[in-house]
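K.L.:
next comes the sequence, and after it the predicted model I'd like to discuss.
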Number of protein chains: 2
Amino acid sequence: MGDAEPRTAGGRVTVKEVADYAGVSAMTVSRTLSGGKNVRADVQRRVMDAVSALGYHRNENARSMRPGHTSGLIGVAITNLGNPYYGGFALGVEEVAATYGRRILLGNTGEVLARETQLISDFVGRQVEGLIVVPTGGAGEHLQPRALGHIPLVLAARSIPGVSADTVLLDDTSGAYEGTKRILQAGHRRVAFLGNSVSVSTATRRFEGFCQALAEFGLAPDPDLVLRGQQDVPAARRAMEQILQHSAPPTAVFSANNRNTIGALEAISAARDAGSVTTPPTLIAFDDVELANQMNVPILTISHDPKALGAEAARMLFSRLDGDFTSSEARIFNLAVSVGNIRS
Amino acid sequence: MGDAEPRTAGGRVTVKEVADYAGVSAMTVSRTLSGGKNVRADVQRRVMDAVSALGYHRNENARSMRPGHTSGLIGVAITNLGNPYYGGFALGVEEVAATYGRRILLGNTGEVLARETQLISDFVGRQVEGLIVVPTGGAGEHLQPRALGHIPLVLAARSIPGVSADTVLLDDTSGAYEGTKRILQAGHRRVAFLGNSVSVSTATRRFEGFCQALAEFGLAPDPDLVLRGQQDVPAARRAMEQILQHSAPPTAVFSANNRNTIGALEAISAARDAGSVTTPPTLIAFDDVELANQMNVPILTISHDPKALGAEAARMLFSRLDGDFTSSEARIFNLAVSVGNIRS
DNA sequence: TACGGTGTTGTTATCGTTATCACAAACCTG
DNA sequence: CAGGTTTGTGATAACGATAACAACACCGTA
C-alpha cells in the first residue's frame, strides 16, 4: 500500500511497458531514447516521465542483437589480478576502453591454460568486439582466428610462438641487457639470476638480455646462480635464500619480475636481521615495486608503467575496430623501459 | 583458394548456418549443444563437426534474452584498480563468481560519483544479475533499488548513509582502536593521524577508533598532527613531510590506508637520508603493504586480506541470487582485521 | 493388425529492441 | 488550392536462440 512503484519486483521493465504507461507505441519510446528525432516535444516528455516512473533501462543485450549494432564489450583475460602489476595494466585498458564507450569483461586465468581457453571461448560467445589477453604461455590453438570467430586479438606483455596477433611487448631483452651492463660496468662480476616460469616469453627474453650483457664482458651465467620458475613471492624468497647461502655468493642479483624482487628483498632483509648477511648484494630489478627504492639495499630498477602497457594494448585494439588499421599483418609494439641508476 | 574456412570474415556464425552445414534443423543443433538429449548419436557427431568446421560459438546474449535465462554477468564497480588493494579485491570477486559460473563486468570509477552513476546504469542495461560496488561516497540516489531495476546490490569496504544494501565492511573502528591502544600501551603519547578523503566511510570509522583509544588514555588528537584527505601517494608523502617538520614531532603516526602508509614511508626514508630525522616515528598502518615490514621503520600493521573482502562480497551477492537469503533486510558483514605486533 | 508409448526431428512463436515501411496530418509553394 | 514535401506516429519483421508443440517412425503388445 502506498507503493509508488508501479511494477512489482522480478521481471524487468520493457519498452512495451513504458509505451503503455506513456500511451504511445514502442517505436515512439525507442525513438525518444535514441535522441528524439521526429517525436513531438510533449510526447518526449511523457515518455521520459514514464521511463523514470518505471525505472526503465534499455536492454543492451537485446539492442546489440540487431544488425549493425555491436556489444560494446571488450574481453580482457589477465593472468593474475592479485599482482599489482596487472591491476595497473587492467586500469590502463579500462580507461582507454571507457573513452571509446566500451566496457570490459574481465577474467583471471591464474596462469592456467585451460581456464584461459574457457574464458576466451565464453567471451566470444558474449559477442565481445575484441580481446586483450595476457597469455599464460601454453600452446595457442585457442588463440587462432578461427577459434576466436575472427575477432581482433591483442596479446599483451607476452607473445606466443605460432600466434600471429597484434602484440604489445616491453623492451624486455634490451632492458635486461642495459641493466645488466650497467651493473657490470660498476664492477660486479658475479651476478645471479632470479626468473619466473620458463614458458613465459618475458622470462626468456629477459634472460637473453642478461646473458648478452654477460657475454659482452666475457662472462657466462653460473648455473648455480640461475634460479628460474618462481611464480610467487614465497618461492622467490626461498630461491634468494638459497643464493645467499651459496659458498661463493654473488655481489649482484638480477630479478626478472616484481614477484622475484619482493621475495629477494624479503630474504635479504631477513638474512640481515639474522646477521648472516652484512653487505647485501646489489639488485637489478625488472618492474617497479612500491617501496623497493626505500629499502636499505642497493638497487637498479628497470622500470616502466604497466598502465601504459594496458593503454597501448587497448589503443592497438581500437585501431583495428575503428578500421584505422586494416592490414592482416600483425603489429608488434615495443614499450620502452627505462633503466635508472643504482640507488642506495 | 584452398581456404578451409567456409565462412568469410565479419558476420558471426549462427545456429542456422551450422544447421544447414550439418543438414539438420536449428533445433537439432540447439539440442545437441544443450546436452544432446533426444538426438541420434551420429547426428550429434555431424552437428559437432559442423560446429568446429565453422568455428561456431553460441550467442550468449541472444540466449540470455529468452525467458528463464539470465545473463550470467555480475557488475563490479571499483574506485581505483591501480591500487593493489582493489586488484586483490577484484580477484576475490572474480574467483567466487567463476565458481558460480558468472563473469564479471568491471568498471573503474576513479572516485568520481558521476562515473559511478553512469557505470551502474550501464551495468543494469546490460542485464547484470547483481552488482558489487565500492562506492565513492557521494549521495546514493543512483544506488536505490528503483534506480537499479531491483537488482541485488552489495556494497563493499564502504557504506553509504541512506542506502540499505547488503554490505561487507572491515572492522575499521575496532581495528583502529586496537592498533592505537597497542601503541599507547607501548608508551607513545604523541600520535599523528594520516587519513584519506573525509567523505569515505572507512576514513571516518578509522579516525573514530583512533580517537576512542586516545580518549581512553585521557588524550585528544592534536589538530596539528591530524592530516586528512590524502588520496594518493604523493599527497600522503607531502603530509608526512609536514608532520616530520613539526616543532614537536610525534613519536608515532597512524596511517589510515595503504596510500598513506607508502607516502609516509617514503617521507621517512627521504628525511633519514637527508639526515633531518634520526629516530623515525613508529607507524600504525591500516592495510597490508608489500615490503612495509622490511623497511627500517618500526611498524604495527592492522592487516586483512582484500581478496577475502571481495570473496565475501561475492558470496553475499550469490546468497541473494540463489535465494538462500531472501529477507529484504540488509545484512552487514564485518570482516575481522588482525592487529599484529610492533616490528623492527 | 490396431494401439499406446517412446524417440527423433521439424515448425512456430517468443524474448526486447529497432530499421523499414506505411500512412496520415501538417506544412509549403506557386 | 492542387501537388508535393516534411513531420509524427504505428504496424511489421528481423536479430539468434530455444521452449512448446506437432509430426512421424518405430517398438512391443494384445
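P.N.:
Sure thing, it's come through.
K.L.:
name the residues of stretch A:323-337 that are buried.
P.N.:
Neighbour-count burial for stretch A:323-337, counted by 16 or more other CB atoms under 10 Å in any protein chain shown, picks out A:333, A:335, A:337. C-beta: built from backbone N, CA, C; applies to glycine.
K.L.:
other residues contacting it?
P.N.:
Stretch A:323-337 is contacted from outside by A:159, A:164-172, A:174-175, A:286, A:302-304, A:308-309, A:312, A:316, A:318-320, using CB atoms under 8 Å, 6 or more residues apart in numbering or on different chains.
K.L.:
can you tell me which of the buried residues of stretch A:323-337 lies nearest to residue B:47?
P.N.:
Nearest to residue B:47 among these is residue A:333, at 41.0 Å by CB to CB.
K.L.:
which residues in the stretch 51-200 of chain A form strands?
P.N.:
All strands of the stretch 51-200 of chain A, identified by DSSP state E, counting those that start in this stretch, fall at A:73-78, A:103-108, A:130-133, A:153-156, A:166-170, A:191-195.
K.L.:
quick one, phi/psi of the residue in the stretch 151-300 of chain A that DNA strand C sits nearest to?
P.N.:
Closest contact between the stretch 151-300 of chain A and DNA strand C, by CB to the nearest atom of the strand, is at residue A:151 (21.2 Å). Main-chain dihedrals, residue A:151, degrees, to the nearest 10: phi -80, psi 140.
K.L.:
quick one: the helices in the stretch 1-150 of chain A?
P.N.:
Here the stretch 1-150 of chain A has its helices, by DSSP state H, counting those that start in this stretch, at A:15-22, A:26-33, A:41-54, A:60-65, A:84-99, A:113-125.
K.L.:
closest to residue B:342 out of those helices?
P.N.:
Closest approach to residue B:342 among those is made by helix A:84-99 (25.8 Å; CB to CB).
K.L.:
now the closest one against strand B:103-108, angle please.
P.N.:
Computed by axes from the mean of the first three to the mean of the last three CA atoms, to 10 degrees, the angle separating helix A:84-99 from strand B:103-108 equals 80 degrees.
K.L.:
flag every residue of chain A that's near DNA strand C.
P.N.:
Within reach of DNA strand C by CB under 7 Å from any atom of the strand, chain A has these residues: A:11-12, A:14-16, A:26-27, A:30, A:33-34, A:58-59, A:62-63, A:65-68.
K.L.:
among the buried residues of stretch A:323-337, name the ones in strands.
P.N.:
Residues of the buried residues of stretch A:323-337 located in strands (DSSP state E): A:333, A:335.
K.L.:
name the nearest of the buried residues of stretch A:323-337 relative to chain B.
P.N.:
Minimum distance to chain B across the buried residues of stretch A:323-337 is 17.2 Å, recorded for residue A:335 (CB to the nearest CB).
K.L.:
summarise which helices and strands the strand or helix carrying residue A:271 is packed against.
P.N.:
Secondary structure from DSSP states H and E places residue A:271 in helix A:258-274. Where contact means 3 or more CB pairs under 8 Å, 6 or more residues apart in numbering or on different chains; DSSP states H and E, helix A:258-274 is packed against strand A:191-195, helix A:233-244, strand A:252-255, strand A:282-286.
K.L.:
now the helices of the stretch 1-150 of chain A in CSV, with mean pLDDT and mean neighbour count?
P.N.:
CSV is the format used below for the helices of the stretch 1-150 of chain A (pLDDT from 0 to 100; neighbours: other CB atoms under 10 Å in any protein chain shown):
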stretch, mean pLDDT, mean neighbour count
helix A:15-22, 96, 19
helix A:26-33, 97, 19
helix A:41-54, 96, 17
helix A:60-65, 95, 19
helix A:84-99, 96, 24
helix A:113-125, 95, 20
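K.L.:
residue A:344 is nearest to which of the ones you listed?
P.N.:
Among the helices of the stretch 1-150 of chain A, the nearest to residue A:344 by CB to CB is helix A:84-99 (21.7 Å).
K.L.:
the closest one to helix B:113-125, inter-axis angle?
P.N.:
Going by the same axes, to 10 degrees, helix A:84-99 makes 80 degrees with helix B:113-125.
K.L.:
using PDB, write out the CA atom coordinates for helix A:84-99.
P.N.:
Taking Å, rounded to 0.1, in the frame of the first residue of the first chain, the C-alpha atoms of helix A:84-99 are listed here in PDB:
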ATOM      1  CA  PRO A  84      49.700  -5.100  -8.600                       C
ATOM      2  CA  TYR A  85      51.300  -5.000 -12.000                       C
ATOM      3  CA  TYR A  86      48.200  -6.400 -13.700                       C
ATOM      4  CA  GLY A  87      45.900  -4.200 -11.700                       C
ATOM      5  CA  GLY A  88      47.700  -1.300 -13.300                       C
ATOM      6  CA  PHE A  89      47.500  -3.000 -16.600                       C
ATOM      7  CA  ALA A  90      43.800  -3.500 -16.300                       C
ATOM      8  CA  LEU A  91      43.300   0.100 -15.300                       C
ATOM      9  CA  GLY A  92      45.100   1.200 -18.500                       C
ATOM     10  CA  VAL A  93      42.800  -0.900 -20.600                       C
ATOM     11  CA  GLU A  94      39.700   0.200 -18.800                       C
ATOM     12  CA  GLU A  95      40.500   3.900 -19.100                       C
ATOM     13  CA  VAL A  96      41.100   3.800 -22.800                       C
ATOM     14  CA  ALA A  97      38.100   1.500 -23.400                       C
ATOM     15  CA  ALA A  98      35.900   3.900 -21.500                       C
ATOM     16  CA  THR A  99      36.900   6.800 -23.800                       C
END
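K.L.:
any idea how far that helix is from the chain center?
P.N.:
Chain-centre distance of helix A:84-99: 7 Å, with CA atoms, centre = their mean, to the nearest Å.
K.L.:
on that earlier part again, a markdown table for the helices and strands packed on helix A:258-274, including mean pLDDT and mean neighbour count?
P.N.:
Formatted as a markdown table, the helices and strands packed on helix A:258-274 follow (pLDDT from 0 to 100; neighbours: other CB under 10 Å):
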| stretch | mean pLDDT | mean neighbour count |
| --- | --- | --- |
| strand A:191-195 | 97 | 27 |
| helix A:233-244 | 97 | 20 |
| strand A:252-255 | 98 | 29 |
| strand A:282-286 | 97 | 28 |
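K.L.:
flag every residue of the stretch 201-344 of chain A that's near chain B.
P.N.:
Counting by CB under 8 Å from any CB of the partner chain, the stretch 201-344 of chain A comes close to chain B at A:233, A:262, A:265-266, A:269, A:289-292, A:294-296, A:307.
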